[in-house]
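Asks: model this:
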Amino acid sequence: MTVKIAELMAKRVITSRPHETVGHVRDKMQRSKVHSIPIVGPQNEPLGIVTTADLARRVKDSSPVSRIMTRDIVVVPAYNDVSVAARIMRKHKIHHVIVTHEKQVVGLISSFDLLKLLEGKRFVMSNAPTPPKNKRA
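Replies: Just a heads-up that it's a prediction; the model follows:
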């Protein structure tokens, strides 16, 4: 069974514009209880992302969010398998990936979303190691 990103991603995505202030974005994130917000342009195209780690920097709340946003973003198409998103997160050591369709933001997938796939699954180790035999000299 293959699961598509569109099936697992958060579809209600809160976005911001580059000119909005750091304080405004911080308030949005706290009110919405989210850990990242895509920064989008006029056609809802992704320009960057702001995470709670970015907000930890010492920047005035009146500064534009474009000062702290991560510009080197990685996006993934909604029709891909979730394994693609997992590979991207692991390779880039990130927890959120912006999901796009026709170059527009349509969702956000996080490492927590990927963990939902494991809920209720029982882990069984194949080829479990055998305990060492106690050798006496």
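
Asks: Where does pLDDT dip in the protein?
Replies: 1, 120-132, 134-137 (pLDDT under 70).

Asks: Quick check: the most centrally placed residue in the chain vs Lys60, distance?
Replies: Nearest to the geometric centre of the chain sits His96, at 1.0 Å (C-alpha atoms, centre = their mean). Separation of His96 from Lys60 (C-beta to C-beta, to the nearest Å) stands at 24 Å. (Each C-beta comes from the backbone N, C-alpha and C, glycine too.)

Asks: that older thread, list the contacts for the residue nearest to the centre of the chain?
Replies: Going by C-beta atoms under 8 Å, 6 or more residues apart in numbering, His96 touches His35, Ser36, Ile49, Thr51, Leu108, Ile109, Ser110, Ser111.

Asks: Give me the buried positions along stretch 82-101.
Replies: Of the residues in stretch 82-101, 82, 84-86, 88-89, 94-100 count as buried by neighbour count, 16 or more other C-beta atoms under 10 Å.
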